[in-house]
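S.K.: what follows is a predicted protein model with its sequence.
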Amino acid sequence: MDSQITIVDHPLVQHKLTLMRDKEQPTAYFRQLLRETALLLAYEVTRDLPLETKRVETPIEVMDAPVLAGKKLCFVSVLRAGNGLLEGMLDLLPSARVGHVGLYRDPETLEAVEYYYKVPQDIGERLVIVVDPMLATANSGIAAVDRLKQGGARQLKFVCLLAAPEGVAAFTAAHPDVPLYTAALDRELNDHGYILPGLGDAGDRIYGTR
């Protein structure tokens, strides 16, 4: 396994992912499961955040206790499906900054086309965690990270729910300095760029648009 990719194999993550794969899952329940899974993924991706100590007074005595160090991190959602992961991550880190990169996939070329970009001005001073449920061809993920690096981001991680081997290979070739986190590495892509066995189009399933 490529050391750049971390598969989050926690039993709760795997259980919830299996429930999401079920095509009969109602939109509301799919959305809730994704939010819960995102919180668990956020726990894993933030495992190595730096700490410093702060003096606090407990009901018993004064102590030096650990708190997060430095500037708050920034989540960047790849619109629109990334917002499904973003909400769960903000449940865990509600004070995080948030950015958005709007991309759509050209149905003919499968290439990513940008239509929106808005991130904190000091993004170069923050850990940036990019969220998008599916890493299929990786065209959108690569384009989003390209744009963030152009905007000054220097420390990035990428979190998805599902990845395909083709997408992982393309992403790691384009951005070998950006660690990947996913709940599962599926078998392959089909001719239309969908992950197999996958769970369908994440955006459509989150928002009930198909």
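M.R.: Done, it's in. Numbering: from 1, shown residues only.
S.K.: quick one: residue 167 is in a helix?
M.R.: Yes: when classified by DSSP: H, G, I helix; E, B strand; the rest coil, residue 167 is found to be part of a helix.
S.K.: got a pLDDT number for it?
M.R.: Looking at residue 167, its pLDDT stands at 95.
S.K.: mind listing what it touches?
M.R.: Each residue near residue 167 by Cβ atoms under 8 Å, 6 or more residues apart in numbering is listed here: 135-138, 141, 189, 195. For the C-beta atoms, the positions are set from N, CA and C on the backbone; glycine is no exception.
S.K.: tell me which of those fall in strands.
M.R.: Judged by DSSP state E, the contacts of residue 167 include 135, 189, 195 as members of strands.
S.K.: residue 173: which of the residues you listed is nearest?
M.R.: residue 135 (13.1 Å; Cβ to Cβ).
S.K.: look up how far residue 188 lies from the closest one.
M.R.: Separation of residue 135 from residue 188 (Cβ to Cβ, to the nearest Å): 13 Å.
S.K.: intersection of neighbour lists for these two?
M.R.: With Cβ under 8 Å, 6+ apart as the test, residue 135 and residue 188 both reach residue 164.
S.K.: out of these two, which sits in the more crowded spot?
M.R.: Using other Cβ atoms under 10 Å, the more surrounded residue of residue 135 and residue 188 is residue 135, with 28 against 12.
S.K.: against residue 113, how distant is the more buried one?
M.R.: 18 Å.
S.K.: next one: residue 89
M.R.: Distance of residue 89 to residue 113, computed by Cβ to Cβ: 26 Å.
S.K.: more neighbours, these two?
M.R.: More neighbours surround residue 89 than the other of residue 89 and residue 113, with 26 against 13 (other Cβ under 10 Å).
S.K.: confirm that one sits in a helix?
M.R.: Yes: Residue 89 sits within a helix when classified using three-state DSSP.
S.K.: count of neighbours near the residue lying closest to it once chain neighbours are set aside?
M.R.: Sequence neighbours aside, residue 42 is the residue nearest to residue 89 in space, at 4.1 Å (criterion: Cβ to Cβ, 6 or more residues apart in numbering). For residue 42, the neighbour count with other Cβ under 10 Å is 25.
S.K.: show me where this structure has its strands.
M.R.: Going by DSSP E, the chain shows strands at 5-7, 51-57, 62-68, 74-79, 97-105, 112-118, 127-131, 134-135, 155-163, 180-185, 188-189, 195-196.
S.K.: which ones are touching the closest residue to residue 119 other than its chain neighbours?
M.R.: Once flanking residues are discounted, residue 119 sits nearest to residue 99: 3.2 Å by Cβ to Cβ, 6+ apart. Taking Cβ under 8 Å, 6+ apart, we find residue 99 in contact with 74-77, 118-120, 123, 128, 148.
S.K.: show me how to select, in ChimeraX, the buried members of the residues you listed.
M.R.: Filtering the contacts of residue 99 down to the buried ones (16 or more other Cβ atoms under 10 Å) takes a single ChimeraX command:
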select :74,75,76,77,119,120,123,128,148
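S.K.: okay, the contacts of residue 99 in JSON lines with distance to residue 34 next?
M.R.: Compiled in JSON lines, these are given as follows (distance: Cβ to Cβ, whole Å):
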{"residue": "74", "distance to residue 34": "21"}
{"residue": "75", "distance to residue 34": "15"}
{"residue": "76", "distance to residue 34": "17"}
{"residue": "77", "distance to residue 34": "13"}
{"residue": "118", "distance to residue 34": "23"}
{"residue": "119", "distance to residue 34": "23"}
{"residue": "120", "distance to residue 34": "25"}
{"residue": "123", "distance to residue 34": "25"}
{"residue": "128", "distance to residue 34": "21"}
{"residue": "148", "distance to residue 34": "23"}
